[in-house]
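1. turn this into a model:
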Amino acid sequence: MLREVLRQILQEGAVIYGDISSRLDIPEPLIRQMVWELERLGYLKPVFQGCSEHTCAGCAMKCGSDTALNKAFVLTSKGKTFLGTAPGSQGAL
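-> Numbering: from 1, shown residues only. Coordinates of the predicted model:
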């Protein structure tokens, strides 16, 4: 199941808990826990620690001031290997 959540994050390019919850038919609190676990295990790395009213101008997310982001992640090389998307990876935990 962690692999499916990670795959959704890779495909979407963002963690949108409600969307992932709907697509995978998993309660949103469980998705939040899984994302936390993926970060703890080193498969995801935070690259953004949250919005403030003064950060939109220089933000790479380009979501606009109406959207409050809590955190953004990228897949680490360990995460890519876990998914089998890294060169020479087996996709095993």
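
2. how about low-confidence regions in this protein?
-> Flagging of the chain using pLDDT under 70 yields the residue ranges 48-71, 86-93.

3. now the strands for it?
-> 44-48, 72-75 (DSSP state E).

4. Ile16: which of these is closest?
-> Closest approach to Ile16 among the strands of the chain (C-beta to C-beta): strand 72-75, 10.8 Å. In short, each C-beta sits where N, CA and C put it, glycine included.

5. so how far is Gly42 from Ser77?
-> 9 Å (C-beta to C-beta, to the nearest Å).

6. could you do Phe82 as well?
-> From Phe82 to Gly42 the distance is 9 Å (C-beta to C-beta).

7. between the two, who's got more neighbours?
-> Phe82 (24 against 12; other C-beta atoms under 10 Å).

8. how about the nearest residue to that one, chain neighbours excluded?
-> Tyr43 (5.5 Å; C-beta to C-beta, 6 or more residues apart in numbering).

9. quick one on the thing from earlier: most neighbours per residue, which of the strands of the chain?
-> Ranked by mean neighbour count, the strands of the chain are led by strand 72-75 with a mean of 18 (mean count of other C-beta atoms under 10 Å).

10. what packs against that one?
-> Contacting strand 72-75 under the criterion 3 or more C-beta pairs under 8 Å, 6 or more residues apart in numbering; DSSP states H and E are the following elements: helix 2-12, strand 44-48.

11. redo the ones you listed as a markdown table? Include distance to Leu30.
-> Converted to a markdown table, the helices and strands packed on strand 72-75 look like this (distance: least, C-beta to C-beta, whole Å):
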| stretch | distance to Leu30 |
| --- | --- |
| helix 2-12 | 9 |
| strand 44-48 | 16 |
